[in-house]
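> Just the structure for this:
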Amino acid sequence: MGKGIIMTKKGFLLATAATGAAAFAPGAMAADLPTKAPAPLVVPPAASWAGWYIGLHAGVNWQQGHNTPSANYGATLTTSSTGFIGGGQIGYNWQSGNFVFGIEADGSWLSGKGSVGNGTFYSASNQIRWLATVRPRFGLAVGNTMGYVTGGVAFGGVKNTYINDPFPNGIKSESKTRVGWTVGGGIEHMWTRNVTIALEGLFVDLGRSTVNLPNNKTTKFSNQAVIGRLKLNYKW
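Next up is the predicted model:
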């Protein structure tokens with residue numbers, strides 16, 4: 001009978017040991033399994049600004065004209081005006097990493113005409129009626145948005161008039177195309193892969209011209225403008 005009790009105790013101990021081993025086995029097996037590698041990070045391709053684009057623009061222009069007559073021939077007068085600007089542009093971009101290089105040409109029609117009189121005999125009016133520019137652009141693209149600077153040559157159709165009533169032949173006027181320069185910058189966002197929208201500001205100086213009269217009196221005219229415009233482009 002004593003032998004039976006001993007055998008029973010041995011069986012109980014063996015069963016307990018087997019149960020404990022079974023409990024720890026899954027953990028041990030799991031520790032031996034290789035760790036599953038995390039899924040690779042999928043990075044979307046960088047937005048491409050390279051290629052041709054064409055578009056339209058609209059905005060506001062602030063013009064200023066300067067009228068400087070010969071000494072002892074009248075008063076120097078300055079005019080200013082605010083108007084609408086609208087037109088179109090075409091360009092091409094090259095891209096290297098985040099850097100974008102391009103060239104753009106545009107044409108615009110401008111409204112607004114500045115006029116002034118000094119209350120005596122002198123009056124003047126100045127107007128830039130149309131404007132075209134050819135400009136390189138240098139930009140830095142971050143994701144779908146690019147900031148850029150630009151500058152180049154500007155062509156403009158101007159009409160300037162200076163009136164000096166006391167003098168014979170006292171009206172000096174010009175209507176011509178002038179060449180000057182422009183500089184500015186903007187920020188452009190790629191709305192879709194083919195459509196971009198941009199906000200741009202430009203300063204334009206069309207230089208100075210001199211009008212002569214038979215009495216050897218002259219007047220110098222100059223025309224400048226500050227432009228803010230919204231641009232919509234289609235690229236391909």
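> can you pull out the helices in this structure?
Ranges of helices within the chain are 2-32, based on DSSP state H.
> Quick check: buried residues in stretch 172-188?
Under the neighbour-count criterion of 16 or more other CB atoms under 10 Å, stretch 172-188 has 172, 178, 180, 182, 184-186, 188 buried. Where C-beta positions appear, they are placed from N, C-alpha and C, glycine not excepted.
> can you list the weak-confidence ranges in this structure?
1-37, 39, 41-46, 168, 214 (pLDDT under 70).
> tell me, what residue is most central in it?
By CA atoms, centre = their mean, the chain has its centre lying nearest to residue 186, at 2.4 Å.
> who's in contact with the closest residue to that residue other than its chain neighbours?
Sequence neighbours aside, residue 200 is the residue nearest to residue 186 in space, at 3.4 Å (criterion: CB to CB, 6 or more residues apart in numbering). Residue 200 makes contact with 57, 150, 184-186, 227-231, according to CB atoms under 8 Å, 6 or more residues apart in numbering.
> repeat that with 10 Å
57, 59, 89, 104, 106, 137, 148, 150, 184-188, 227-231 (CB atoms under 10 Å, 6 or more residues apart in numbering).
> Can you list which of those are found in strands?
57, 59, 89, 104, 106, 137, 148, 150, 184-188, 227-231 (DSSP state E).
> Now which of those would you call buried?
57, 59, 89, 104, 106, 137, 148, 150, 184-186, 188, 227, 229, 231.
> from those residues, which is closest to residue 161?
Ranked by distance to residue 161 (CB to CB), those are led by residue 227 at 23.1 Å.
> quick one: that closest one and residue 183 touch, right?
No: the criterion here is CB atoms under 10 Å, and residue 227 misses it with residue 183 at 11.2 Å.
> shared neighbours, those two?
201-204.
> Let me know the closest of these to residue 68.
Within the shared contacts of residue 227 and residue 183, the smallest distance to residue 68 is 19.4 Å, found for residue 204 (CB to CB).
> I figured that closest one hits residue 179, correct?
No: the criterion here is CB under 10 Å, and residue 204 misses it with residue 179 at 11.2 Å.
> between these two, what contacts are shared?
The contact sets of residue 204 and residue 179 overlap at 154, 156 (CB under 10 Å, 6+ apart).
> Across the sheet, point out what pairs with residue 225.
residue 63, residue 204 (DSSP bridges).
> what sits against it?
Here residue 225 is in contact with 61-65, 81, 83, 85, 108, 110, 112, 128, 131, 154, 156, 180, 182, 202-206 (CB under 10 Å, 6+ apart).
> try it again with 8 Å
Residues in contact with residue 225 (CB under 8 Å, 6+ apart) are 61-64, 110, 128, 131, 203-204.
> Residue 140 is in contact with residue 97, isn't it?
No: using CB atoms under 8 Å, residue 140 is not in contact with residue 97, being 9.8 Å away.
> Which residue of those two possesses the greater neighbour count?
Neighbour tally, residue 140 and residue 97, criterion other CB atoms under 10 Å: the higher count belongs to residue 140, 13 against 8.
> For that one, name its beta-bridge partners.
residue 99, residue 147.
> What's the separation between the residue nearest to residue 155 when sequence neighbours are not counted and residue 114?
Nearest non-adjacent residue to residue 155, counting by CB to CB, 6+ apart: residue 132, 4.6 Å away. Residue 132 sits 21 Å away from residue 114, going by CB to CB, to the nearest Å.
> So between those two, which is more surrounded?
residue 114 (22 against 15).
> ok, the residue nearest to residue 155 - contacts?
Counting by CB under 8 Å, 6+ apart, residue 132 makes contact with 105-108, 154-156.
> would you turn the residues you listed into TSV with distance to residue 47?
Shown next, in TSV, are the contacts of residue 132 (distance: CB to CB, whole Å):
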residue	distance to residue 47
105	24
106	23
107	28
108	28
154	30
155	33
156	34
